[in-house]
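>>> This is the structure alone, sequence omitted:
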Ligand SMILES: [Zn+2]
C-alpha cells in the first residue's frame, strides 16, 4: 500500500513538473540551436527593391518603409516610420544582418528602436541601437535596473537559434494608450498581448496604418509560447477593433511568402476575435495535440495549447486603448 502511494505521488509530481515546464520541454525538442540556412531569394514584384542580397525595402509612402528579411526562414518585416523630427524602427529582426545601415540610408532623422515584443526574431540580438523605447508594463519596469533590462529566456526564446538573451539599454518607456509624437505624425501605443504579454502595436490613425508585430499576420499565430495567453489575445483583438478605422492597413512582422510586406485588413482582426470566442466556448475545434491548430480563416490559424491548459484570463485587463 505504501509503495502504491509513493508511486502515485512520484507520478503526480512528475506530471505537475512536466506541465509547469512544458514550454521548456517543447522548446528543447524543437530548437535547432543555430540560425537556419538562408532561403533562396524570390521574385518580390515591382514595388520592392533589394537593398543588398539579404534585405528588401518597400515604400509604403515617402515617410513609411517596410524593411523585409525574405531570406530569413521566418520572413520577418520591420517598419521604419518617419515624422518630421524623429523616426521609429519597429522591430529589427533576429540580427542575422545589421538593419541599421538600411534604415540610415532611408532617413537622416534620429532613429528610435521599438521592439513589438522581446522575442529573439524581433530584438536584433547583438545589434545595439543608440536609442531604445519599450512598452511600459509593470512586470518589465519593476525588473529594470536603472536603464538596463536583462531579458529572460521566457520572453526571448533565443536558444531556439543560438542567441543569448540580451541586455537592453532603455531610453524611453511607452505607456499603452498614449501616443508617441514623431513631429507632424503621431503613433498610438496599443497593448496587443496574447502572442506574448509584452506585445504592442503602433497605430497611425491619420495615415491609416497599424503595425501589428506578431499580434496578427497571415499564417500561423503562435499562442502557445511561454508568455502567450488566450485571454490576452482576446483583449488585444478588442483593443484594436475599438480604435482602428475599418479602412486601416495592417502590416505584421511575418509573411507566408512574396511579394513584399504582409498586409491585412480589420476584417482579419474580426475573424481572429470570432475564432478566439469560439475556441473559448468550445464551438471551434482544433486539430493536433500540441500545439493545437485552430483554423481562423483561409489565411490564418491559431496555434494554441490544448483546451485544458488554455488561460482565458488577461494579465493587464486595465490596459485598454485609453478610451475605456
Ligand atoms: Zn516573430
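Structure received. Keep in mind it's a predicted model, so treat the numbers as computed, not measured.

>>> Distance from the strand or helix carrying residue 189 to the middle of the chain?
Assigned by DSSP states H and E, residue 189 falls within strand 186-191. Taking Cα atoms, centre = their mean, to the nearest Å, one finds the center of strand 186-191 at 15 Å from the center of the full chain.

>>> List the buried residues of that strand.
Within strand 186-191, the residues that qualify as buried by neighbour count (16 or more other Cβ atoms under 10 Å) are 186-191. For every residue, glycine as well, the C-beta is placed using N, CA and C.

>>> near the ion, which residues of the stretch 51-200 of the chain?
residue 121 (Cβ under 5 Å from the ion).

>>> Neighbours of residue 49, how many?
The tally of other residues near residue 49 (other Cβ atoms under 10 Å) stands at 11.

>>> Assess the claim that it and residue 56 are in contact.
Yes. The criterion here is Cβ atoms under 8 Å, and residue 49 meets it with residue 56 at 6.8 Å.

>>> okay, now the residue nearest to residue 64 when sequence neighbours are not counted: neighbour count?
Leaving aside its sequence neighbours, residue 64 sits nearest to residue 81 (Cβ to Cβ, 6 or more residues apart in numbering; 5.7 Å). By other Cβ under 10 Å, the residues close to residue 81 number 26.

>>> next structured bit after the strand or helix carrying residue 81?
Using DSSP H and E, residue 81 sits within strand 76-82. The helix or strand immediately downstream of strand 76-82 is strand 87-90, counting by DSSP H and E.

>>> so how far is that next one off the chain centroid?
Centroid separation for strand 87-90 versus its chain: 15 Å, with Cα atoms, centre = their mean.

>>> again with stretch 149-163
14 Å.

>>> What of stretch 166-180?
That offset, for stretch 166-180, works out to 15 Å (Cα atoms, centre = their mean).

>>> likewise stretch 287-298?
Averaging C-alpha positions (Cα atoms, centre = their mean) puts stretch 287-298 19 Å from its chain's average.

>>> what's the answer for stretch 56-76, then?
In terms of Cα atoms, centre = their mean, the centre of stretch 56-76 is found 16 Å from the chain centre.

>>> pretty sure residue 193 is touching residue 232, no?
Yes. Using Cβ under 8 Å, residue 193 is in contact with residue 232, at 3.7 Å.

>>> Overlap of the contact sets of those two?
Common neighbours of residue 193 and residue 232 (criterion: Cβ atoms under 8 Å, 6 or more residues apart in numbering): 314-315.

>>> re the thing from before, quick check, nearest of the buried residues of strand 186-191 to residue 272?
If you rank the buried residues of strand 186-191 by distance to residue 272 using Cβ to Cβ, residue 190 comes first, at 14.4 Å.

>>> quick revisit: and the strand holding residue 189, what does it pack against?
For strand 186-191, the elements it packs on are strand 179-181, strand 200-204, helix 230-243, judged by 3 or more Cβ pairs under 8 Å, 6 or more residues apart in numbering; DSSP states H and E.

>>> Pretty sure residue 261 sits against residue 250.
No. Counting by Cβ under 8 Å, residue 261 stays clear of residue 250, with 10.4 Å between them.

>>> Would you map the strands across the stretch 151-300 of the chain?
Per DSSP state E, counting those that start in this stretch, the stretch 151-300 of the chain carries strands over the ranges 167-169, 172-174, 179-181, 186-191, 200-204, 209-213, 219-222, 249-252, 263-264, 292-297, 300-304.

>>> quick one, which of those is packed in tightest?
Sort these by mean neighbour count, taking mean count of other Cβ atoms under 10 Å, and strand 209-213 sits at the top with a mean of 28.

>>> hmm, it in reach of the ion?
No. Using Cβ under 5 Å from the ion, strand 209-213 stays clear of the ion, coming no nearer than 7.5 Å.

>>> Adjust the sequence numbering to begin at 9 for everything that follows.
Yes, from this point I'll number from 9; that puts the last item at strand 217-221.

>>> picking that back up, dump the helices and strands packed on strand 194-199 to TSV, plus mean pLDDT and distance to residue 295.
Listed next are these as TSV, based on pLDDT from 0 to 100; distance: least, Cβ to Cβ, whole Å:
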stretch	mean pLDDT	distance to residue 295
strand 187-189	96	40
strand 208-212	98	28
helix 238-251	97	17
